[in-house]
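J.: The sequence and its predicted three-dimensional model are supplied below.
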Amino acid sequence: MYEHAGDWDMAWDPDVHFVRSDDFFKTMKYKVPCGNQFELLGREIYLAVSNKCPQDMSGKPRTVDPSGPPGITLHTSADGGITFKAACLPVALRQEGYELLETHDFQGAIVIVDYLVKTMMGNLQASSAYTAGPQHSLFSVSLSSIYKQDVLSGSTDFLRVDGVPGVFIANTLTATMMGSMGGMKMKPTVLTKITYNGGGTWQNIKAPSKFNYQKCDRCGGAKDCSLHLHGASSWFFGSIQYPSVYSNPSSPGLLVGSGNVGGEGIGLDDNDGLCTWLSFDGGFSWTDIAENTWIYEYADWGGLVVMSKHELNGPADEVRFSYDYGRCWRTVPLSVAMYVENIRIEPDGQRPKVLLHGKACRKPANPKCSLEASDTSAGIKGMVYALDVSQLMGDKMPLCKDNDFEQWTVPADDHTPRCLLGQQRMFTRRKQDSVCLQGGDYKRPVPENKTCSCTTADVECDYGYVAGDDGKCAPLPSEKLSSCPTIDTGVYSVSSTGKRLVHGDQCTGLESIIPDTDGKGTLRPGAKPGAQPHGTGGSGRGRRSAASGLFIFLILLVVLGGIFGVWYQFLASAVAKAQVEDLAVAAKSFGASLVGLVWDKIADLAGRGRGAGVSGSTMPRYVALDEELNYFQPIPAAGGAEELQPPPVANGDGVFTLR
């Protein structure tokens, strides 16, 4: 609420406050000064507090540094808004806004923070995802360089696979240097990743070994071939809207998306090999179900998949549906063609009925379009079709019986049942060969779970640590961390291993991996606390030291060059001068390379490394952060970290959304 009517005059305004009432706001309690926006996730309240607030959390006056960081600080409350504590993120964030994504148990959140990467090709939008620990205020890096199609996009390519705990799909932005040494350029590449342990570890999605359509096979027999899928930013906010990978709670394990496969170094490509793909085992295996982009929806608890040609491919004059998870398709002609924008179903996805909606089209695009070539209402006049599969199939699809169902688990890489968050989960689905409807009265059985022994898949790096290439958790330097009250006051103890239990994980035998804590911040009996991560903020000493070294090196070059010039001009003999001139020809290319290296070093210290490498080489996946920019992990880049900037905010409003 505002302090006074009309007080609002800026984004993240210190005149807007958070209040709590127990009597429908007849009285107001527990005021948090400058608490601008909040969201409820499970039992937690996430509150954005303006950094320019002239009062502390208790309402006492405080001094505000006008040159201090703008934006907000995230606070959390576990007691209904009575008390709040600052959220602890693993790097000192210049906090301009957040996206919050609920975990599968609806008791935690993944925080997604946006940033801009300045490159030779312009600004690229990316994000980092931070997973919550058991305290709901301790966050650690799960995935960096998450892709967004447009700079002002309100959504990130980060999907929770509904109905299958611990499974998320995300697109990451990496870069590859292409061309020859004389004309190197950086090519952004979008790669799709999947996690089966709540963001603890990520891996590529394997491309299918067999294809239904030749166009969809871009692997060329390569063993290292992956599938890349369009995400939410392409669908909801992209300048060109590609259907994104889609899941629904009514259809656990069923996924459909548009994208392409590619070998190493090849990512998401909007032009070559774009097809529509389906998985019905939680994203482990996929099959191509159509060339180009189609729009899709699930009906009858996932027993039916309905799709039609998406408007990107021109007008649609038919709709298809499958009752065997995409193995076979039945075609229903449309009497009048249309540009299909989307397919809709009621929110619970229970009934075998869908709606197709879109826009009228002109006849030159398709003879079955309703408008003439000169009609100006094309693209404005809306159209809707209703499809009822139960009426179309009649007696051919009776209600399912008990023997029409089967149990399944998400497969591991060796095709044995996979443990998800410490449990083997046995889901129920209709058999692929059963031709029947589950019906609106169907009740899906609760999954049968078997507890698994703890492995490294059940843990992730805790606050103050980051995963290295070897999988071990390495401590972040203290100057890279912000202060964390939960740790500073001893409420939470970080394990000396740097690991903690993944949120919602229920495995047994964790002491074999984390011997000193329970993985949730409590020391085991007899264990002594190790060194705890404490933030000190960036000092900048490393940059000054490196800059000083380079300055001395350049001074020495100038002095030595001056001595050489005096010798050559006044003391060298004619023979010596001739030898020097011969050497100068051979040294020309070396000198050019040396100048390039010096320039790269200068640009690197300025945060603008121009990069180097050979054709097709991939950028390093992690680069140390600059002191002044230590609030984000940058996109992987050759020659050092690219310069980062806070993201632009449309209409002056910060992003604080619950997707």
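T.: That came through, no problem. Numbering: from 1, shown residues only.

J.: Going by C-alpha atoms from here, please, whenever you check contacts or count neighbours.
T.: Fine.

J.: got a list of contacts for stretch 510-519?
T.: With CA atoms under 8 Å, 6 or more residues apart in numbering as the test, stretch 510-519 has contacts from 453-456, 493-497, 499-501, 523-524, 527-529.

J.: Go ahead and build a PyMOL selection from the buried members of the residues you listed.
T.: Buried subset of these, written as a PyMOL selection, criterion 16 or more other CA atoms under 10 Å:
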select buried, resi 454+493+494+495+496+497+499+500+501+523+529
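
J.: Next, the distance between the ends of stretch 392-409.
T.: One end of stretch 392-409 to the other measures 32 Å (CA to CA, to the nearest Å).

J.: In that stretch, which of the residues would be classed as buried?
T.: Neighbour-count burial for stretch 392-409, counted by 16+ other CA under 10 Å, picks out Met397, Cys400, Asp404, Phe405, Trp408, Thr409.

J.: Take the residues you listed and write them to a markdown table, including distance to Asp23, secondary structure and pLDDT.
T.: Shown next, in a markdown table, are the buried residues of stretch 392-409 (distance: CA to CA, whole Å; DSSP: H, G, I helix; E, B strand; the rest coil; pLDDT from 0 to 100):
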| residue | distance to Asp23 | secondary structure | pLDDT |
| --- | --- | --- | --- |
| Met397 | 54 | coil | 94 |
| Cys400 | 50 | coil | 96 |
| Asp404 | 52 | helix | 97 |
| Phe405 | 50 | strand | 97 |
| Trp408 | 49 | strand | 96 |
| Thr409 | 48 | coil | 96 |
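
J.: need these in TSV with distance to Lys29, can you?
T.: Shown next, in TSV, are the buried residues of stretch 392-409 (distance: CA to CA, whole Å):
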residue	distance to Lys29
Met397	59
Cys400	55
Asp404	56
Phe405	53
Trp408	50
Thr409	48
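
J.: Report the two of these separated the most.
T.: Met397 and Thr409 (26.2 Å; CA to CA).

J.: nearest residue to Val19 other than its sequence neighbours?
T.: Computed as CA to CA, 6 or more residues apart in numbering, the closest residue to Val19 that is not its neighbour in sequence is Lys31, at 4.4 Å.

J.: now Ala132
T.: In space, Ala132 is closest to Phe139, 4.6 Å off (CA to CA, 6+ apart).

J.: now Thr192
T.: Distances taken as CA to CA, 6+ apart put Asn171 closest to Thr192, at 4.4 Å, once the chain neighbours are dropped.

J.: So that neighbour is in contact with Gln149, correct?
T.: No - counting by CA atoms under 8 Å, Asn171 stays clear of Gln149, with 10.2 Å between them.

J.: Compare those two and say which is more crowded by neighbours.
T.: Asn171 (29 against 24; other CA atoms under 10 Å).

J.: So which other helices or strands are in contact with whichever strand or helix holds that one?
T.: Using DSSP states H and E, Asn171 falls within strand 168-178. Other elements packing on strand 168-178 under the criterion 3 or more CA pairs under 8 Å, 6 or more residues apart in numbering; DSSP states H and E are strand 139-147, strand 158-160, strand 185-195, strand 617-618.

J.: Can I get the ones you listed in CSV including mean neighbour count, distance to His357 and mean pLDDT?
T.: Formatted as CSV, the helices and strands packed on strand 168-178 follow (neighbours: other CA atoms under 10 Å; distance: least, CA to CA, whole Å; pLDDT from 0 to 100):
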stretch, mean neighbour count, distance to His357, mean pLDDT
strand 139-147, 25, 29, 89
strand 158-160, 22, 25, 93
strand 185-195, 21, 29, 85
strand 617-618, 18, 43, 30
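
J.: Just put those strands in CSV and tack on distance to Ser250.
T.: As requested, those are exported to CSV (distance: least, CA to CA, whole Å):
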stretch, distance to Ser250
strand 139-147, 27
strand 158-160, 14
strand 185-195, 21
strand 617-618, 40
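
J.: what's the longest strand in this structure?
T.: The single longest strand within the chain, with elements called by DSSP state E, is strand 330-344.

J.: what angle do the helix or strand just after that strand and strand 330-344 make?
T.: Where DSSP H and E defines the elements, the next helix or strand beyond strand 330-344 is strand 353-359. Strand 353-359 and strand 330-344 are oriented at 70 degrees to each other (axes from the mean of the first three to the mean of the last three CA atoms, to 10 degrees).

J.: what lines up beside the helix or strand that comes right after strand 353-359 in the sheet?
T.: Where DSSP H and E defines the elements, the next helix or strand beyond strand 353-359 is strand 382-388. If you go by DSSP bridges, strand 382-388 pairs up with strand 353-359 (antiparallel).

J.: Next, the buried residues of the strand it pairs with.
T.: Of the residues in strand 353-359, those with enough neighbours to count as buried (16+ other CA under 10 Å) are Lys353, Val354, Leu356, His357, Gly358, Lys359.

J.: out of the residues you listed, which one sits closest to Gln432?
T.: Nearest to Gln432 among the buried residues of strand 353-359: Lys353, at 19.9 Å, using CA to CA.

J.: Can you give me every residue that contacts that closest one?
T.: Ala299, Ile345, Ala386, Leu387, Asp388, Val389, Ser390.

J.: Can you verify my assumption that the fourth one contacts Leu355?
T.: This points to Leu387. Yes - Leu387 lies in contact with Leu355 (CA under 8 Å); the separation is 6.2 Å.

J.: Show me the shaky parts of the protein.
T.: Across the chain, residues meeting the criterion (pLDDT under 70) sit at 5-11, 68-71, 90-97, 115-125, 150-154, 176-186, 237-240, 270-271, 535-659.

J.: Helices along that one, start to end?
T.: 232-236, 389-393, 485-488, 541-566, 574-605 (DSSP state H).
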